[in-house]
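>>> give me the fold of what follows.
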Amino acid sequence: MAGFNVRSLLVTGANRGIGLELVKQLLEKSNPPEWVFATCRDPEGERAQQLKNLVSRHPNLVIVALEATDPASIKAAATRVEEHLKSSGLNLLINNAGIVRPSTLESETPEDMSLVYATNVTGPLLVSQAFLPLLRKAAQGNPKPGLSCSKAAIVNMSSECGSITNLFAWELGHAVSYRCSKAALNMLTKCQSLGYEGDGILSIAVHPGWVQTDMGSSTPHQAPLTVDVSVQGILNVLPTLSKKDNGAFVNWEGKVLPW
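Sure thing, here's the model as predicted:
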């Protein structure tokens, strides 16, 4: 992670789990970003307390209200970030916010299918659309050729549970709506890689591993990865990504995963 120099980034779903740990580790770098924007639904709520505790020690951290299923909230968040960045762009957007609803094929409901898809697929689409002008500005302001996470990038936090080839951990839980949403998010990532490459923006889908978070603990089985190890891995992989990786699906160790 030592060589990962990014001026500004935004992480959605940053009040807990992988999102919170991403913010913590980025702020603790010897050369931290000039701006770290951490979004959550309710910055004043109890669930954002750990984020608020970080603000007192890190003046470069800005907590921003963002509800990934609410277009007006997303637009307001983009406006606020733009005000902080002034004439600069946003280098890195990490679409981390996501939900899971445990289910089986028999118990899955249309309500949960719609809610999970809205959060895990439509949310990243809308957030990426809202911050696209700032990502473009960052890419245009960087004279270096090629694509990179330091220049301008969209990182979609996906899951191997959405891999049609691997169908990770099916025996541990069907989670049909979650699996379908992550397969769709992978397709969105591929579409973004084709649509935004000409703007100098890298798009990538990342599987963080099966991690010991609230979401990762939604089955009776113990997740093998700690949050800090997963995030360390992700932050080691991101600086290695370039144009050849645009549109790829990789895990926290940098291994390319099958769709």
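>>> please make it C-alpha for all contacts and neighbour counts, starting now.
Will do.
>>> which residues in the stretch 101-250 of the chain form strands?
With strands called from DSSP state E, counting those that start in this stretch, the stretch 101-250 of the chain shows them at 153-157, 202-207, 249-251.
>>> quick one: strands adjacent to the first one?
Pairing partners of strand 153-157, with direction, according to DSSP bridges: strand 92-95 (parallel), strand 202-207 (parallel).
>>> show the average pLDDT along that strand.
Averaged over strand 153-157, pLDDT sits at 98.
>>> over to the second one?
Summarised as a single mean, pLDDT over strand 202-207 is 98.
>>> so what's the backbone phi/psi at Thr39?
Comment: the main-chain dihedrals of Thr39 come out as phi -110, psi 150, following degrees, to the nearest 10.
>>> which residues does it contact?
Contact criterion CA atoms under 8 Å, 6 or more residues apart in numbering gives Leu10, Val11, Thr12, Gly13, Ala14, Asn15, Ile63, Val64, Ala65, Leu66 as the residues in contact with Thr39.
>>> go again with 7 Å.
With contact taken as CA atoms under 7 Å, 6 or more residues apart in numbering, Thr39 is in contact with Val11, Thr12, Gly13, Ala14, Ile63, Val64, Ala65, Leu66.
>>> so which of those residues is surrounded by the most neighbours?
For the contacts of Thr39, neighbours were counted using other CA atoms under 10 Å, and Ala14 has the most, 28 neighbours in all.
>>> so it, which of the three states?
coil (DSSP: H, G, I helix; E, B strand; the rest coil).
>>> what segments of the chain are helices?
Counting by DSSP state H, the chain has these helices, from start to end: 17-27, 49-55, 71-85, 110-117, 123-140, 176-196, 227-237.
>>> nearest to Pro208, out of those?
For the helices of the chain, proximity to Pro208 was assessed by CA to CA; helix 227-237 is nearest, at 5.9 Å.
>>> can you get me a residue count around Leu172?
Leu172 has 10 neighbours, counted by other CA under 10 Å.
>>> how about Pro224?
Neighbouring residues of Pro224 were enumerated by other CA under 10 Å; the total is 11.
>>> then Gly45?
Applying other CA under 10 Å, we find 10 other residues in the vicinity of Gly45.
>>> can you tell me how far it is from Asn95?
Applying CA to CA, to the nearest Å, the value for Gly45 to Asn95 is 21 Å.
>>> any chance of the strands of the stretch 101-250 of the chain in TSV, plus distance to Met113 and mean neighbour count?
Rendered in TSV, the data for these read as follows (distance: least, CA to CA, whole Å; neighbours: other CA atoms under 10 Å):
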stretch	distance to Met113	mean neighbour count
strand 153-157	19	27
strand 202-207	21	29
strand 249-251	23	23
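>>> now those strands in a markdown table, with distance to Ser107?
Shown next, in a markdown table, are these (distance: least, CA to CA, whole Å):
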| stretch | distance to Ser107 |
| --- | --- |
| strand 153-157 | 26 |
| strand 202-207 | 26 |
| strand 249-251 | 29 |
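>>> for Leu27, find the nearest of these.
Between Leu27 and the strands of the stretch 101-250 of the chain, the tightest spacing by CA to CA is seen for strand 153-157, at 18.3 Å.
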